[in-house]
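Trainee: sequence isn't available, so here's the structure alone:
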Ligand SMILES: Cc1ncc(COP(=O)(O)O)c(C=O)c1O
């Protein structure tokens, strides 16, 4: 699940009954196509899935630059927002969840938001294959491999593993099973080699090799977190805003709490929240590098969009270990 949102609201959400219907469509050749339809989704929306569309940013983000020209529809949006009944919450506090785990199972939940922009860019550049990099069980790598398959592109994954396993078959466990089912090429690198060489050089070396073989590779960085991928979470803010406008009795969120693994999610959420009238404070818990590392990294993403804002002013980042420390009663 992606975010935890805190808010004050007037009334609980009302659930809308969902029914299954079957529809028949007759094509011009007289062929009969039958499919199931979940009520609530329009036919046009269903046919928009896996299509590339011109992108129009929210008005409040229209001064950012560069603005992506296209977006590729890979996920099922909007994802639900619902109340989560945690015990012992402070008075007048509610916790709501934004269920980005429900964007479509094969694409690994929240990862798809950045990929919608990155894959559209890959197509725009005439790529015939995608390169990305991450840990041996990286959800981002799995999502990229599946997205590449949807788009009929080859996918090359560089996966980080321990020194003892780097020359062994990584097997078919967890995300590797999905990656191999969709035909991704997997190359292993030891953690030591990864830290010494760095992800940018490793992906560029593979890119050079593929170029020399006549391929047209497109490189996606760790976690899909570059300035272009950041648009995925600027869009998520637009989605949350629309849900607040349409939702029964939700008046707004004060805070958004989210994990930070490669930085793109908090860059988009905090910039979108700051620019739009959502104005929720974004709190991030870094699961790997230090808060200082991520303030700098997010600053680079914001500068890449000419946002003219300091990361330290729009997001608060803490090391997740400090929270475990507090939760154990040491703070
Ligand atoms: C549930 C969840 N939230 C947030 C993130 C952070 O994403 P990012 O890599 O953009 O920092 C991740 C990624 O690992 C995640 O799995």
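Mentor: Nice, I can see it. Just so you know, these numbers come straight off a predicted model, no measurement behind them.
Trainee: please count neighbours and contacts with C-alpha atoms only from this point.
Mentor: OK.
Trainee: show me the shaky parts of this structure.
Mentor: Within the chain, the segments meeting pLDDT under 70 span 1-46, 105, 323-331.
Trainee: can you list the residues of it near the ligand?
Mentor: Near the ligand, the residues belonging to the chain are 1, 2, 223, 225, 258, 259, 260, 261, 262, 263, 264, 265 when assessed by C-alpha under 6 Å from any ligand atom.
Trainee: which SS class is the fifth one?
Mentor: By that I understand residue 258. Under DSSP: H, G, I helix; E, B strand; the rest coil, the three-state class of residue 258 is strand.
Trainee: phi, psi of the closest residue to the ligand within the stretch 51-200 of the chain?
Mentor: Using C-alpha to the nearest ligand atom, the single residue of the stretch 51-200 of the chain nearest to the ligand is residue 110, 6.8 Å away. Main-chain dihedrals, residue 110, degrees, to the nearest 10: phi -60, psi -20.
Trainee: can I assume it is in contact with residue 100?
Mentor: Yes - if you go by C-alpha atoms under 8 Å, residue 110 and residue 100 touch, sitting 5.0 Å apart.
Trainee: that older thread, and the residues of the chain next to the ligand, which two are the farthest apart?
Mentor: Greatest spatial distance among those (C-alpha to C-alpha): 1 and 225, at 18.4 Å.
Trainee: strands of the stretch 101-250 of the chain, start to end?
Mentor: With DSSP state E, counting those that start in this stretch as the criterion, the stretch 101-250 of the chain has strands at 129-135, 154-161, 185-190, 217-219.
Trainee: export those strands to TSV and tack on mean neighbour count?
Mentor: Shown next, in TSV, are the strands of the stretch 101-250 of the chain (neighbours: other C-alpha atoms under 10 Å):
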stretch	mean neighbour count
strand 129-135	24
strand 154-161	23
strand 185-190	18
strand 217-219	23
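Trainee: among these, which is nearest residue 68?
Mentor: strand 217-219 (16.0 Å).
Trainee: other SSEs contacting that closest one?
Mentor: strand 129-135, helix 199-212 (3 or more C-alpha pairs under 8 Å, 6 or more residues apart in numbering; DSSP states H and E).
Trainee: that strand: how far from the chain's middle?
Mentor: 18 Å (C-alpha atoms, centre = their mean, to the nearest Å).
Trainee: contacts for it next, please.
Mentor: Residues from elsewhere that reach strand 217-219 (C-alpha atoms under 8 Å, 6 or more residues apart in numbering): 122, 127, 128, 129, 130, 131, 132, 203, 204, 207, 210, 211.
Trainee: dump the residue contacts of the second one.
Mentor: In this structure, residue 127 makes contact with 153, 216, 217, 218, judged by C-alpha under 8 Å, 6+ apart.
Trainee: so which of residue 1 and residue 225 has more stuff around it?
Mentor: Between residue 1 and residue 225, counted using other C-alpha atoms under 10 Å, residue 225 has the larger neighbour count: 26 against 12.
Trainee: return the residues in contact with that one.
Mentor: Applying C-alpha under 8 Å, 6+ apart to residue 225 gives the contacts 114, 262, 263, 264, 265.
Trainee: out of these, who's the most crowded?
Mentor: residue 265 (30 neighbours).
Trainee: which SSE is it in?
Mentor: Residue 265 belongs to helix 264-275 when assigned by DSSP states H and E.
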